[in-house]
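Q: Quick one: sequence and predicted model below, then my questions.
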Amino acid sequence: MSTIVTSNVSDGTLSIPTTYVTNGSAKAWVNFDGTGTVAIRDSLNVASLTDDGAALYTVNYSSALANSDYCLLGSNKYTGSGTGLSFVLRNVTTPLTASSSQVFCAPDFSVSATDNPIVMLDVKGDLA
């Protein structure tokens, strides 16, 4: 395997340091169906999913992150009753690990949690 070492990347007009590419890129992401038998539609660096209960999922990474101090961003398509607002949150009762994240789809707080047909998660951090 060959290695290319460079400090900048350019498209001929704009040049940026390679650290923006390596540090700013998603290290994992997933789009999955959270209803019935959970199923990954598309992903990067995601080995598998676990359905942990109503609107609660564990995302397992193919390659571990350097530590558990990474950033999770998420969204989902909420189909329940209420205002229709819903958020993907880190499950605070289960600590993040370098190899997995447990997330919860929180509905608008006026109804009980429900599985969602589209759940998306983006992970920013350093790989091990």
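A: On my side now, so go ahead. Residues are numbered from 1 along each chain as shown.
Q: would you list every one of the helices in the protein?
A: Along the chain, counting by DSSP state H, helices occupy 18-24.
Q: just for it, where's the confidence low?
A: Scanning the chain for pLDDT under 70 picks out the ranges 79-86, 108-112.
Q: All the strands of the chain, residue numbers only.
A: For the chain, the strands defined by DSSP state E occupy 8-10, 15-17, 28-33, 39-44, 46-53, 56-61, 71-77, 87-90, 100-106, 118-124.
Q: which residues touch K77?
A: By CB atoms under 8 Å, 6 or more residues apart in numbering, the contact list for K77 reads 116-119. Just so you know, the C-beta spots here come from the backbone N, C-alpha and C atoms, and that holds for glycine as well.
Q: need the strands of the chain in JSON lines with distance to M1, can you?
A: JSON lines is the format used below for these (distance: least, CB to CB, whole Å):
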{"stretch": "strand 8-10", "distance to M1": "20"}
{"stretch": "strand 15-17", "distance to M1": "23"}
{"stretch": "strand 28-33", "distance to M1": "22"}
{"stretch": "strand 39-44", "distance to M1": "20"}
{"stretch": "strand 46-53", "distance to M1": "22"}
{"stretch": "strand 56-61", "distance to M1": "22"}
{"stretch": "strand 71-77", "distance to M1": "29"}
{"stretch": "strand 87-90", "distance to M1": "35"}
{"stretch": "strand 100-106", "distance to M1": "28"}
{"stretch": "strand 118-124", "distance to M1": "25"}
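Q: can you list contacts of stretch 59-68?
A: With contact meaning CB under 8 Å, 6+ apart, stretch 59-68 is reached by 27-28, 30, 45-50, 95-103, 121, 123, 125-128.
Q: if you set the cut-off to 10 Å instead, what comes out?
A: Outside stretch 59-68, the residues that touch it by CB atoms under 10 Å, 6 or more residues apart in numbering are 27-30, 32, 40, 43-50, 70, 72, 74, 95-103, 119, 121, 123-128.
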